[in-house]
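> any chance you could fold what I've pasted below:
(chains A and B)
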Amino acid sequence: MNFQNQIYDTEKLHKLRPLVVLTGPTAVGKTAVSVAFAKAIRGEIISADSMQVYRGMDIGSAKIRKDEMDGVPHHLLDILEPEEIFNVMLFQQLAKKAIEEIYDRGHIPILTGGTGFYIQSVLYDISFTEETDTSVREQLEQEAIQKGVEYLHAELAKVDPVTAENIHANNVKRIIRALEFYKLNGYPLSQHNETERQKESPYLFRYYVLNEPRDVLYGRIEKRVDQMLADGLVSEVEALKEKGCTRDMVSMQGLGYKEILDYLAGICTLEEAVETIKKETRHFAKRQLTWFRREKEVSWVEKNDFANTEALLAFLIADFKKHIETKLIEK
RNA sequence: GGAUGGGUAUGCCUAGCGGCGAGGGCAGCGGACUGUAAAUCCGUCACAGAGAAACACCGCAGGUUCGAUUCCUGCCCCAUCCA
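As a prediction, the model looks like this:
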């Protein structure tokens, strides 16, 4: 670990709160860029990824290997067992804590990962109300099965017409969440969202979205899934299954896991599972791009605009210096 | 050479068995998203058009019919089987 050199003033870091977000659709090559970038700017990496938090889920989540980290500290990797539940609020808490600690060390936090929602939660410091009662949701889930989604949607329309209007009647999960929010907090979710949406980021940030032509990206996804299988994805999932992991767990909803689980259960052939993983991963990449497009203050970085990784890196570093570092080192 | 089954819209699979300007699925594309987010959900997907006017390759060409994607004939492809 040669990450001790501290060129930034800790107090100033806490005050200016610099933050780099480095993201992009799955398989664009975030990981490789992030490490080199971190080294160049004395950064530490915080993974904004809903699956890489789980231990024992390395291949399928495309987790960075220790030897690839090159001495750069990585946070929020391997912090939970696959049986445990993870969600945005938890992520936000942990990420915020990590950010403060990184400032203490005189370094710059770099949020890397493809979960846009997680990034948003820390970037705009969305406040989540304290909710511990899980029985409400369970009850609503039961009601959804017994009385149907339409019923719940109608119920939601009574207490929170705005949200009911916004959520499609088929979207069970989000209808349940909206109802749960109302029951637990006593006021409509739409009201909460309205105030949260106004928030300015407490950070001095740059939000980079790495991208490349769709067909190239899809080709890369195809190759990566094949590589995962060659690396032993099936035995990774087998081990998890033996450990007691089942499809209904949050962790097992990850791409590659649920499909291989189906294969292991004899629901489909391995070939079918692999095809599904590739297809779903493409869909996922697309959804990620939709998310980033909607995000306001992002800087799109097209890989094609650069001759090679070094050039891309040089750009990122120059951009970072221009927007953030100068503010940090000026007296 | 013979037998049988098929060819359905800019990609793939499939419904259709006389009123079809043609139903469904997939892929693709677009979108939503504030405690499951690698989740969940929505839209679009031949051309034309809010009009009684005109305009259409359901393999191709004819025929029957008021009317054919649907029936008949010939031809061209494809698949499997028999020679």
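
> for the rest of this, base every contact and every neighbour count on C-alpha atoms.
OK.

> leaving out sequence neighbours, find the closest residue to the closest residue to RNA strand B within the stretch 201-331 of chain A.
Going by Cα to the nearest atom of the strand, RNA strand B is nearest to residue A:254 of the stretch 201-331 of chain A, at 3.2 Å. Once flanking residues are discounted, residue A:254 sits nearest to residue A:51: 6.5 Å by Cα to Cα, 6 or more residues apart in numbering.

> quick one: the one you found is in a strand?
No - under DSSP: H, G, I helix; E, B strand; the rest coil, residue A:51 sits outside any strand and is assigned coil.

> and it, how many neighbours does it have?
Neighbourhood size, residue A:51 [other Cα atoms under 10 Å]: 26.

> I'd guessed residue A:312 sits against residue A:304; true?
No - the pair residue A:312 / residue A:304 is not scored as a contact, 9.4 Å apart, by Cα atoms under 8 Å.

> give me the more crowded residue out of the two.
Neighbours per residue, other Cα under 10 Å: of residue A:312 and residue A:304, the larger number sits with residue A:312, 20 against 11.

> quick one, what contacts that one?
Under the criterion of Cα atoms under 8 Å, 6 or more residues apart in numbering, the neighbours of residue A:312 are A:303, A:306.

> after the helix or strand harbouring it, which helix or strand is next?
For residue A:312, the host element (DSSP states H and E) is helix A:309-320. Using DSSP H and E, the helix or strand that follows helix A:309-320 in sequence is helix A:326-329.

> low-confidence ranges in the stretch 51-200 of chain A?
The stretch 51-200 of chain A contains no residues with pLDDT under 70.

> residues from it in reach of RNA strand B?
Proximity of the stretch 51-200 of chain A to RNA strand B, by Cα under 7 Å from any atom of the strand, involves residues A:51-52, A:60-63, A:86-89, A:114-118, A:121, A:126-132, A:166-174, A:176-177, A:181, A:192-194, A:196-197.

> and those residues, which of them are in helices?
Counted as lying in helices by DSSP state H, out of these, are A:88-89, A:116-118, A:121, A:166, A:172-174, A:176-177, A:181, A:192-194, A:196-197.

> which of the residues you listed are buried?
Listed as buried from these are A:88-89, A:116-118, A:121, A:172, A:174, A:176-177, A:181; burial here means 16 or more other Cα atoms under 10 Å.

> of these, which is the nearest to residue A:287?
residue A:116 (9.8 Å; Cα to Cα).

> isn't that closest one right up against residue A:294?
No - using Cα under 8 Å, residue A:116 makes no contact with residue A:294, being 10.4 Å away.

> ok, now which ones touch the residue nearest the centre of chain A?
The C-alpha lying nearest the average C-alpha coordinate of chain A belongs to residue A:115 (Cα atoms, centre = their mean; 2.2 Å). The neighbours of residue A:115, taking Cα under 8 Å, 6+ apart as the test, are A:48-50, A:288.

> and if you look at residue A:213?
Counting by Cα under 8 Å, 6+ apart, residue A:213 makes contact with residue A:304.

> distance of it relative to residue A:294?
19 Å (Cα to Cα, to the nearest Å).

> all helices for the stretch 201-331 of chain A, in order.
Assigned by DSSP state H, counting those that start in this stretch, the helices in the stretch 201-331 of chain A fall at A:214-230, A:233-243, A:257-264, A:270-294, A:309-320, A:326-329.

> which strands and helices sit next to the longest one?
It refers to helix A:270-294. Applying 3 or more Cα pairs under 8 Å, 6 or more residues apart in numbering; DSSP states H and E, one finds that helix A:270-294 makes contact with helix A:116-123, helix A:214-230, helix A:257-264.

> closest one to residue A:143 among those helices?
helix A:257-264 (25.7 Å).

> in that closest one, what's buried?
Across helix A:257-264, burial judged by 16+ other Cα under 10 Å covers A:257-264.

> anything in it near RNA strand B?
No - with Cα under 7 Å from any atom of the strand as the criterion, RNA strand B is not reached by helix A:257-264; the gap is at least 7.7 Å.

> that helix vs helix A:233-243, what angle?
Angle, helix A:257-264 to helix A:233-243, by axes from the mean of the first three to the mean of the last three Cα atoms, to 10 degrees: 80 degrees.

> helix A:257-264 packs against which elements?
helix A:233-243, helix A:270-294.

> how about residues contacting it?
Taking Cα under 8 Å, 6+ apart as the rule, helix A:257-264 contacts A:60, A:234, A:237-238, A:241, A:247, A:252, A:268-270, A:273-274, A:276-277.

> now swap in stretch A:239-248 and tell me
The contact list for stretch A:239-248 (Cα under 8 Å, 6+ apart) reads A:56, A:82-83, A:252-253, A:258, A:261.

> of the residues you listed, buried ones?
A:56, A:82-83, A:252, A:258, A:261.

> reformat the residues you listed as JSON lines; add distance to residue A:15.
Formatted as JSON lines, the buried ones among the contacts of stretch A:239-248 follow (distance: Cα to Cα, whole Å):
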{"residue": "A:56", "distance to residue A:15": "38"}
{"residue": "A:82", "distance to residue A:15": "37"}
{"residue": "A:83", "distance to residue A:15": "38"}
{"residue": "A:252", "distance to residue A:15": "40"}
{"residue": "A:258", "distance to residue A:15": "44"}
{"residue": "A:261", "distance to residue A:15": "47"}
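
> that's all I had, so thanks and see you.
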